[in-house]
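K.L.:
pasting a predicted model and its sequence here:
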Amino acid sequence: MGRAKILGIRSGVSLALAAVLSAMVMFVVCGGDDDPTYTLTVISDPTAGGTVSPPEPQTGIAAGTAVNISATAATGYAFSNWTVSGSGTIASANSASTYVIVNGDATVTANFAVTYSLTVGASPVDGGTVSPPEPKTGITAGTAVNISATAATGYKFINWTVSGAGTIANANNVSASVTVNGDAAVTANFEPLPEYTLTVSVSGGGKVSRDPDQENYFAGTRVTVKATADDGYVFAGWTGASASANSTVTVTMDSDLTLTAVFEEIFGTFIDARDGKSYRTVKIGDQTWMRDNLNYAGGEGNMGLCFDNSPDNCDKYGRLYDWTTVMVLLSGCNNTICANRVQEEHQGICPSGWHVPSNSEWKALTDFVGGASDAGTKLKAVSGWGPGNGTDDYGFSALPGGHRFPDGAFHNKMYGEKGSWWSATEYDANGAWYRRMGSDSYSMEEIPDLKGFTFSVRCVR
């Protein structure tokens, strides 16, 4: 084509003509039609649902061109997705702002859905708070919205109710969900709690405190009450709404309640109505003991005996008794099993309301003071034991009253050596358990021996 003679051009033809002919040849060889272009149209469905960009059809778009598109929802609508008809590919059909690749004429539609509002409230208004606290808008049909309620002090949550197009799951739970299918209003219903009174009092020497400290309590309120003993008293337990032996208790207010803290004197006195004799008493743990050995001679004055047959020793140490006399049983029980005649709290020779301590009750005493190995030191009086006096930490004030053998001989002619006390528990047909302390020992010994021995008695209750 580059040579003029292809088109029959001879030399000598003017240069102007040659140029025209050359252009004509180029048009024929290369062709005269442009590359194809396409049209993109973006619309809304429904039309009132929102606006789109570009708002007008776009023309002259070459194949493979990416065109940005966006959708803006009108009030009361929400963008759903994009769909396309014709030759176009949408990059992200669920994004309000995206792009479409045009490969031919195409129509892209922004789809909008009607939206609804949800209002959550409380009834009564003072009954509690709700979430969400403000009306929630822009909710499409079928959407589940989480809701929750918190009762105010003095109220309890009852349930959820709904008006409008909504369905509540778990309407009796404080945390639930509502499925919105139209405008809806959900209400958390509360009701006032009943109020109760707690009446607290004391018996004996002490005081009580409570937390919270108020006149009335809403149902379900937990109130902690603490008892504190005055000097010379010990807390003994609660009566009324609680029977606990702990000084601090917690009660739940489910009705009007009464609660009494009972205190007992650590040290007291007791008058034996049978003969008018007075005995000191002491509270040790859960037990109340006589601080003095029993000195009861019976109506005829012949029960028991005084150490070394001296009345002065009865005044100081109390009387000595064999086991059957202590238990008020027939003398034959000194060499026969009589357990079936022994009651759980056997009064025996003790005054009314008191009883002879069992072996387990003696053990409870020694356990409370720290164990038998040094109970002697802690329970012996601070004087009267010669070189082996005790510390009397608990006011038991034990003295060495001695004892007499079954053959009638007295032991411990030198006072201050030994003290022995019966229990109500048999060892075998001929013996019973007793406790012994000595001036040469720190302990309180647990020993079985013949029922014919005469030992001291300490009553307990």
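P.N.:
That came through fine. Numbers count the residues shown, from 1 in each chain.

K.L.:
show me where pLDDT drops low in this protein?
P.N.:
Applying pLDDT under 70 to the chain picks out residues 1-33, 412-416.

K.L.:
distance of the residue nearest the centre of it from T248?
P.N.:
The centroid of the chain falls nearest to R222 when counting by CA atoms, centre = their mean (11.1 Å). For R222, the distance to T248 (CB to CB, to the nearest Å) stands at 13 Å. C-beta: built from backbone N, CA, C; applies to glycine.

K.L.:
run through the residues that contact A227.
P.N.:
A227 makes contacts with 202, 206-208, 235, 238, 247-248, 261, 263, as judged by CB atoms under 8 Å, 6 or more residues apart in numbering.

K.L.:
one more pass at 6 Å, please.
P.N.:
206, 208, 235, 247, 261 (CB atoms under 6 Å, 6 or more residues apart in numbering).

K.L.:
tell me what the first one is bridged to.
P.N.:
In this structure, G206 has the following beta-bridge partners (DSSP bridges): A229.

K.L.:
how much space between T167 and V120?
P.N.:
Taken as CB to CB, the span from T167 to V120 is 15 Å.

K.L.:
next: S358.
P.N.:
Counting by CB to CB - S358 and V120 are separated by 68 Å.

K.L.:
neighbour count winner among these two?
P.N.:
Counted by other CB atoms under 10 Å, S358 and V120 do not tie: V120 has more neighbours, with 23 against 19.

K.L.:
contact partners for that one?
P.N.:
130, 132, 147, 186.

K.L.:
just give me how far stretch 135-151 sits from the chain centre.
P.N.:
33 Å (CA atoms, centre = their mean, to the nearest Å).

K.L.:
what's it in contact with?
P.N.:
For stretch 135-151, the surrounding residues in contact (CB under 6 Å, 6+ apart) are 78, 113, 115-120, 128-131, 157, 174-181, 188, 190.

K.L.:
quick one: contacts of the strand or helix carrying I43?
P.N.:
Per DSSP states H and E, I43 falls inside strand 38-45. Residues from elsewhere that reach strand 38-45 (CB under 6 Å, 6+ apart): 50, 52, 54, 57-59, 61, 67, 69, 102, 104-111.

K.L.:
my guess is S80 contacts A113. True?
P.N.:
Yes: between S80 and A113 there is a contact under CB atoms under 6 Å: 4.8 Å.

K.L.:
now, the contacts of strand 38-45 that are in strands?
P.N.:
The members of the contacts of strand 38-45 that map onto strands under DSSP state E are 50, 52, 58-59, 61, 67, 69, 102, 104-111.

K.L.:
so the closest residue to V249 other than its chain neighbours versus S203, what's the distance?
P.N.:
Spatial nearest neighbour of V249, excluding adjacent residues (CB to CB, 6 or more residues apart in numbering): S242 at 4.6 Å. Distance of S242 to S203, computed by CB to CB: 14 Å.

K.L.:
if you count what's nearby, which of the two comes out ahead?
P.N.:
Legend: neighbour count by other CB under 10 Å for S242 and S203, higher for S242 (17 against 12).

K.L.:
doesn't T252 make contact with that one?
P.N.:
No: S242 lies out of contact with T252 (CB under 6 Å); the separation is 10.7 Å.

K.L.:
distance between the ends of stretch 339-355?
P.N.:
Start to finish, the residues bounding stretch 339-355 are 16 Å apart (CA to CA, to the nearest Å).

K.L.:
hey, C-alpha coordinates of stretch 328-338 in CSV?
P.N.:
Provided in CSV are the C-alpha atoms of stretch 328-338 (Å, rounded to 0.1, in the frame of the first residue of the first chain):
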residue,chain,number,x,y,z
VAL,A,328,-30.7,-42.8,143.1
LEU,A,329,-30.7,-46.5,142.1
LEU,A,330,-31.0,-49.6,144.3
SER,A,331,-27.7,-50.6,145.9
GLY,A,332,-27.6,-53.7,143.9
CYS,A,333,-26.7,-51.6,140.8
ASN,A,334,-23.2,-51.3,142.4
ASN,A,335,-22.5,-54.8,141.0
THR,A,336,-25.1,-55.2,138.3
ILE,A,337,-25.5,-53.6,134.8
CYS,A,338,-28.3,-51.0,135.3
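
K.L.:
distance from that stretch to the middle of the chain?
P.N.:
The answer for stretch 328-338 is 55 Å, by CA atoms, centre = their mean.

K.L.:
any buried residues in that stretch, and which?
P.N.:
Neighbour counts using 16 or more other CB atoms under 10 Å place 329, 333-334, 338 of stretch 328-338 among the buried residues.

K.L.:
just checking, which of the residues you listed belong to strands?
P.N.:
Using DSSP E, none of the buried residues of stretch 328-338 sit in strands.

K.L.:
could I get those residues in a markdown table, plus columns for distance to G390?
P.N.:
Converted to a markdown table, the buried residues of stretch 328-338 look like this (distance: CB to CB, whole Å):
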| residue | distance to G390 |
| --- | --- |
| L329 | 33 |
| C333 | 33 |
| N334 | 32 |
| C338 | 34 |
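
K.L.:
which of the residues you listed lies closest to F410?
P.N.:
F410 has its nearest neighbour among the buried residues of stretch 328-338 in N334, at 18.9 Å by CB to CB.

K.L.:
what's the closest residue to that closest one other than its chain neighbours in contact with, if anything?
P.N.:
Of all residues not flanking N334 in the chain, K451 sits nearest, at 4.2 Å (CB to CB, 6+ apart). By CB under 6 Å, 6+ apart, K451 lies in contact with 323, 334, 432.
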